[in-house]
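> Please work out how this folds:
(chains A, B, C and D)
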There are 4 protein chains.
Amino acid sequence: MAGSTYGDIFKITTWGESHGKAVGVVVDGCPAGLTLCEEDIQKFLDRRRPGRSVYATSRRESDIVEILSGVFEGKTTGSPISLLVRNTDHHSADYSDIADKYRPGHADYTFDAKYGFRDYRGGGRSSGRETIGRVAAGAIAVRLLNELGISLLAYVKSIGQIHADMEKFDPGEIGRNPLCMPDALAAARAEACLGACIQNKDSMGGVIECVISGLPAGIGEPVFDKLDARLASAVMSIGAVKGFETGDGFAAAAMHGSENNDPFITDYEGHIIKQTNHSGGTLGGISDGGELIFRAALKPTPSIAQPQQTVTSSGEPTIIEIKGRHDPVIAPRAVVVVESMAALTIADLMLENMGSRLEYVKKIYNK
Amino acid sequence: MAGSTYGDIFKITTWGESHGKAVGVVVDGCPAGLTLCEEDIQKFLDRRRPGRSVYATSRRESDIVEILSGVFEGKTTGSPISLLVRNTDHHSADYSDIADKYRPGHADYTFDAKYGFRDYRGGGRSSGRETIGRVAAGAIAVRLLNELGISLLAYVKSIGQIHADMEKFDPGEIGRNPLCMPDALAAARAEACLGACIQNKDSMGGVIECVISGLPAGIGEPVFDKLDARLASAVMSIGAVKGFETGDGFAAAAMHGSENNDPFITDYEGHIIKQTNHSGGTLGGISDGGELIFRAALKPTPSIAQPQQTVTSSGEPTIIEIKGRHDPVIAPRAVVVVESMAALTIADLMLENMGSRLEYVKKIYNK
Amino acid sequence: MAGSTYGDIFKITTWGESHGKAVGVVVDGCPAGLTLCEEDIQKFLDRRRPGRSVYATSRRESDIVEILSGVFEGKTTGSPISLLVRNTDHHSADYSDIADKYRPGHADYTFDAKYGFRDYRGGGRSSGRETIGRVAAGAIAVRLLNELGISLLAYVKSIGQIHADMEKFDPGEIGRNPLCMPDALAAARAEACLGACIQNKDSMGGVIECVISGLPAGIGEPVFDKLDARLASAVMSIGAVKGFETGDGFAAAAMHGSENNDPFITDYEGHIIKQTNHSGGTLGGISDGGELIFRAALKPTPSIAQPQQTVTSSGEPTIIEIKGRHDPVIAPRAVVVVESMAALTIADLMLENMGSRLEYVKKIYNK
Amino acid sequence: MAGSTYGDIFKITTWGESHGKAVGVVVDGCPAGLTLCEEDIQKFLDRRRPGRSVYATSRRESDIVEILSGVFEGKTTGSPISLLVRNTDHHSADYSDIADKYRPGHADYTFDAKYGFRDYRGGGRSSGRETIGRVAAGAIAVRLLNELGISLLAYVKSIGQIHADMEKFDPGEIGRNPLCMPDALAAARAEACLGACIQNKDSMGGVIECVISGLPAGIGEPVFDKLDARLASAVMSIGAVKGFETGDGFAAAAMHGSENNDPFITDYEGHIIKQTNHSGGTLGGISDGGELIFRAALKPTPSIAQPQQTVTSSGEPTIIEIKGRHDPVIAPRAVVVVESMAALTIADLMLENMGSRLEYVKKIYNK
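Numbering: from 1, shown residues only, chains lettered A, B, ... in the order given. Here you go, the predicted model:
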């Protein structure tokens, strides 16, 4: 409960601070027999690595993952999988000036309020480096989901006021532009905005959208562990996320029932499907067999180089100018984090759902 | 995990279907010594009760709560508090026609997909009556928070396109108009819209806002049990909620860091506070001592009297016309549910936070 | 965590005090599709009911169970099953004298130490009536296990110094004698001892043994959730249990490895089995396909009519003579409680084990 | 739930196999502000290290612990503490012969039955090396308990038929003899037995006793999370443990109530205490202020060099002779493991108990 463990059956525990020796994660409850190697995980970590463009911090971190346990002869054994990434690129000097000043928009003040003191180097546990554990674990969850015919796609839908035109949605484009947008033109316009933003020593927010295909109907538990609720918790637990919605989300609040309800029909094979997907793939918190769609709102990077008003830990007014290397926008690097948290949530709920029917239990135990 | 339990220390388990014998909740982990009587809980249940206006269903349910355990001589004993509300107003006939047709926007199809069959009477466990357990438990959490100087206020911020004017915010108005809006004029306009909506056999969505005052800084656990994440999960687990945001939420995604960051200052007593509250009262997932503010988007009531296209459980196309009594808008009755879920979340995290410092542990055990 | 919830997937929450309005349990996570009626549960409750012989209290409690939710048309729906038993036979006057005196061997003092005060009527939550919820839930777990070909048999192995002769083991005898011993002669001798004990206003302890047949190999999780560990926790949580062992248990500590190891062989069908069963059916905390065998030691009933030395809550020395009706031995009535806790534990671990292999997950989801 | 996580608030997750790259543990929920360094943990690990005498395996493992996170400037920060110990002394060749033969008394067969295959090198996750994580975490729990005035003492009470004479109990002796017995004469006799045992290529079991002093009354949760139940689970989860008892344990089953009940009296300062301690320090599952006493029965080491009958994974009868280095008795090396599991359990329940009274909650939040 102390906050570093996520999931009930497919359960992960992350650890590590920005400027400690290493960061890592323990994945417990992954089914045995899944083929897995370090490269499967490294690919995901590379997607969140800084230094890939001018719009991400220039810290050059190798972030090489090491599998310490739980894999034997190329397959998961059912034992906990421990993953470790050493921290290598420390510039503690960059942070020494802020040891006693509370950075606006950061967790410095709240960590002090909670614990009485804090590891002030680089944000400690509230640093973006905390997400390495999520992504390394998420890579395993994605491997598992892929085996079950489920795929995830996440991308940046908007940066500041610039929205991707979904009519021009091009999945191939997501990996091509540094902003992970599915629309080349929008990406180009957002880049221009970010250029100006960097000049102004300022930052921008953005929205990430995630689409999950192939998910069978029936996943998610009624009442408190609804699929939407668990996804919301997973995604809102990512550092800068301030909003979450599934399907039509906030827009649904302005709609009529006759617009928002999705009629049921059958497809050409006779399967029951929905004609539209305003629900975003869940009804009553349980997957309805349609595409699962959700969005996350990310606030602008709080670390900006402009002088900002703040106080010291003893309450003295002061001005802070945050030095060091910081992304002017968080959303592009958070895409893989959002995808990872979604995969972890779905993997966990799919394992949990296996006990939902006597018929399933008999299928496993009576052969 | 099967989805009917919420909370880790202040833990509740709800049970009961719309047309079963009763609904209820067990509250385990409430600290001993809290004064509590049935009236404390009944007041909350009365706020969610239908039949208070033309804009809510005309079912007349008494919903009288009975405390079965955990209270002795007017105080909680530390033992589980079992609360029971008998179901009294069944009109099973109203529902018989829909036993085999999937209602659009409802969980009929997904329950069948998950469990192989369902209790089709009135939605069973996915009915709005499931929230009685949440509200009864929430009343106890609110009692506890009040003892600690914390208060909660929730209201309807918008219905359809009609938004309360926050410049005219009047807390007294919330209890006066049947739509629980804090602005009489907006409420009147929304009532007019709803009147037209009822004529059209249609329904409307809405947005609920909740403000929590008096919460000390330091509540919420870093990483996966962030205060925002836990609130998101709690609120998104309420039937019709499709979106959640804290502070500036989705609007923050379109802002610059220089706008969104809240400068730290000191108040006249020398306490560190924030000059603005774009964060909505959390930084890094931990309460920052400011007002905690969040919003929930509720979809329009899926039960509408218009003919709707759907299929039977065997996949035959059919038309459904939902009879019975249904609210044309869910938001007003959900206000107390949102408030309850927020109170349960905060109570749980406050108890959890008690072990965060050696200093606190020593305060309890070394006296 | 506050102690009234047991199980992770097949999860139960019990509530209720000895002299409150009712006691009950909520069972969440039972697979849908299990046939279940009140009679299935009542049979179990009748086995723990007092008043069946002179060796059990003469309180005449009907203990009629009511299913309030989770069952529809004779089958479990996957929703929480709420079970309620009203308390009917209160003699609060019997207990008024002990409101301020700490009964030796009882939890009066520790409840006061923990909570600052207590419901002194009949032991409140530490009363034997607390086990009604366990047994009602256990009946459902047993139903589920029976569907999977698993059966449980528990009995009293010894009372005081009188041990059942396992050479004369007669399962039919267990239900015939009031002491639930599998050996008529030992039961007769124990009855004689108890007769003398009652004369002396004293009480006796005993040992319960439980044997589980048909359990497949592979159940139990390595490390902290070993099958033995979970059973130990389940059984040691029953009021008067002071010891627990599996297989040869404490006797194994005095053995050599060459005696205690069970050789593997194959049976006539070629299945791998063990030649002996010193392990009691688990190896490394995982079921090994053999009979699961464990024992629980129950202390003598602490409520005895002899004058006993004690203190009042303010520390004044005093003498207490416990009136009212109390069993001179707990073990016979606890047999069904032990059986229930074992069934709950195994059901939970069997559901959890369903996610242990990719092969199983594919069997459910890829059909 | 997958079995590698223990505790609710003071929560640990262990990982690592015998012949993987490393073993370790993540401790989440340790209160901030506890002074801690690697030496505090190393001291505990050294106590479980093999190679200290001829009665323990001659593997020479350095088992050097590294703190990777959660400690800053010599104090815990409230963030997860990740501890890592590299595996260095592999002799995989020693084990290659047993890849396909099931060792009697080991978990080889049950791991195969559960997961479909296993890491056969040195027992994988069921190896004794798995306890390194428990002990490293236990060292931190002991540090915390010491700060609260609580101390733990564990020792070997018997080996085979040789029992320490408790009349001659000498705590200083525990660390002096290689068998960790508190009686030098018994230790000498047990050494002689073990010498003969080694000659016979056989092994012996033993009993460990643990005494905890300074524990305040009120710790432990009623019903399922009783202090006894949680300790039982913690201790029975250690590899070779087959039995557990508190206080008089199994002996209580043969006693009368008048013998087993502990009268309450007051000490010279007027505090309520018990005159005797048959209960072993708990009443109703809650600590009663007396010394907490429990015992664990450990089976003889299953790895013996004698030829043993077994089968291959395909069911062919065969003979196995286990080579390599194995302790002839497990109990002495398990002493620190038992102590660690007890400390972890008590630390967790003490943190949980902080929310048991409104008075405590107010003490923390209203100052």
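> Which of the helices and strands in chain A ranks last by mean pLDDT?
Within chain A, no helix or strand scores below helix A:92-96, which has a mean of 60 by mean pLDDT, DSSP states H and E.
> now for the helix or strand residue A:340 falls within, which elements pack on it?
Using DSSP states H and E, the element containing residue A:340 is helix A:331-353. Under the contact criterion of 3 or more C-beta pairs under 8 Å, 6 or more residues apart in numbering or on different chains; DSSP states H and E, helix A:331-353 touches helix A:38-48, helix A:131-147, strand A:151-159, strand A:206-213, helix A:227-236, strand A:292-298, helix C:358-365. Quick note: C-beta positions are derived from backbone N, CA and C, even for glycine.
> Now for the one residue in the stretch 151-300 of chain A that gets nearest to chain C: which residues touch it?
As assessed by C-beta to the nearest C-beta, chain C sits closest to residue A:216 within the stretch 151-300 of chain A, at 6.3 Å. Residue A:216 makes contact with A:287, A:289, B:113, C:365 under the criterion C-beta atoms under 8 Å, 6 or more residues apart in numbering or on different chains.
> By neighbours, which of those wins?
residue A:287 (26 neighbours; other C-beta atoms under 10 Å in any protein chain shown).
> beta partners for the residue nearest to residue A:116 when sequence neighbours are not counted?
Once flanking residues are discounted, residue A:116 sits nearest to residue B:357: 5.5 Å by C-beta to C-beta, 6 or more residues apart in numbering or on different chains. When assigned by DSSP bridges, residue B:357 has beta-bridge partners residue D:32.
> about what we covered before: so for residue A:341, which of the helices and strands packed on helix A:331-353 sits nearest?
helix A:227-236 (4.0 Å; C-beta to C-beta).
> got the contact list for that closest one?
Contacts of helix A:227-236 (C-beta under 8 Å, 6+ apart): A:6, A:219-220, A:241, A:244, A:246, A:282, A:285-287, A:292, A:294, A:296, A:338, A:341-342, A:344-346, A:348-349, B:224, B:226, B:228-237, B:241-242, B:244, B:246.
> Now do it against strand A:206-213, angle only.
140 degrees (axes from the mean of the first three to the mean of the last three C-alpha atoms, to 10 degrees).
> So what are the sheet partners of the helix or strand just after helix A:227-236 and their directions?
Downstream of helix A:227-236, the next assigned helix or strand under DSSP H and E is strand A:241-246. Applying DSSP bridges, strand A:241-246 is found paired with strand A:292-298 (antiparallel), strand B:241-246 (antiparallel).
> buried set for the next helix or strand after strand A:241-246?
Once the chain leaves strand A:241-246, the next helix or strand it forms, by DSSP H and E, is helix A:257-260. By 16 or more other C-beta atoms under 10 Å in any protein chain shown, the buried positions in helix A:257-260 come out as A:257, A:258, A:260.
> didn't the second one look like it was pressed against residue B:309?
Same thing as residue A:258. No: at 11.3 Å, residue A:258 and residue B:309 do not qualify as touching, with contact defined as C-beta atoms under 8 Å.
> Deepest in the core, which of the strands paired with strand A:241-246 is it.
strand B:241-246 (a mean of 30; mean count of other C-beta atoms under 10 Å in any protein chain shown).
> Let me know the average pLDDT across that one.
For strand B:241-246, the mean per-residue pLDDT is 98.
> same check, this time on stretch A:303-318
Stretch A:303-318 comes out at a mean pLDDT of 95.
> What are the buried residues along that stretch?
Buried, per 16+ other C-beta under 10 Å, within stretch A:303-318: A:303, A:304, A:305, A:306, A:308, A:310, A:311, A:313.
> contact partners of stretch A:178-188?
By C-beta under 8 Å, 6+ apart, stretch A:178-188 touches A:52-56, A:155-159, A:162-166, A:168-171, A:173-174, A:176-177, A:190-191, A:194, A:329, A:331-332, A:335.
> same thing but at 6 Å, please
A:53, A:55, A:155-156, A:162, A:164-165, A:168-170, A:173-174, A:177, A:190, A:332, A:335 (C-beta atoms under 6 Å, 6 or more residues apart in numbering or on different chains).
> One more: stretch A:268-282?
Contacts of stretch A:268-282 (C-beta under 6 Å, 6+ apart): A:227-228, A:246-248, A:260, A:262-267, A:287-288, A:290-293, B:311, B:315.
> how about the CA coordinates for it, as CSV?
Output of stretch A:268-282 as CSV, limited to C-alpha atoms (Å, rounded to 0.1, in the frame of the first residue of the first chain):
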residue,chain,number,x,y,z
TYR,A,268,-21.2,-10.4,-40.9
GLU,A,269,-20.2,-13.5,-38.8
GLY,A,270,-23.1,-13.1,-36.5
HIS,A,271,-21.1,-11.8,-33.5
ILE,A,272,-22.8,-9.1,-31.4
ILE,A,273,-21.0,-5.8,-31.8
LYS,A,274,-21.8,-2.1,-31.3
GLN,A,275,-22.6,0.1,-34.2
THR,A,276,-20.8,3.0,-32.7
ASN,A,277,-18.2,3.3,-29.9
HIS,A,278,-19.2,6.3,-27.7
SER,A,279,-18.6,4.1,-24.7
GLY,A,280,-14.9,3.6,-25.6
GLY,A,281,-15.1,-0.1,-25.2
THR,A,282,-16.6,-0.6,-21.7
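> How about residue A:284, nearest residue that isn't a chain neighbour?
Nearest to residue A:284 is residue B:107, by C-beta to C-beta, 6+ apart, at 2.4 Å.
> The one you found and residue D:298, how far apart?
Distance, residue B:107 to residue D:298, by C-beta to C-beta, to the nearest Å: 52 Å.
> Looking at the contacts of stretch A:178-188, which are in strands?
Counting by DSSP state E, the contacts of stretch A:178-188 place A:155, A:156, A:162 in strands.
> Identify the residues contacting the last one.
Contacts here follow C-beta under 6 Å, 6+ apart; on that basis residue A:162 touches A:186, A:189, A:190.
> what pairs with it across the strands?
Residues in beta-bridge contact with residue A:162 (DSSP bridges): residue A:159.
> again, but for the first one
Taking DSSP bridges, one finds residue A:209 as the beta-bridge partners of residue A:155.
> and the strands paired with strand A:241-246 as CSV, adding distance to residue B:23?
CSV is the format used below for the strands paired with strand A:241-246 (distance: least, C-beta to C-beta, whole Å):
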stretch, distance to residue B:23
strand A:292-298, 30
strand B:241-246, 20
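> quick one: which of those is nearest residue D:126?
strand A:292-298 (38.6 Å).
> wait, does whichever helix or strand comes after the closest one contact chain B?
Moving toward the C-terminus from strand A:292-298, the next helix or strand (DSSP H and E) is strand A:307-311. Yes: Strand A:307-311 reaches chain B (C-beta under 6 Å from any C-beta of the partner chain) through A:309, A:310, A:311.
> No further questions, thank you.
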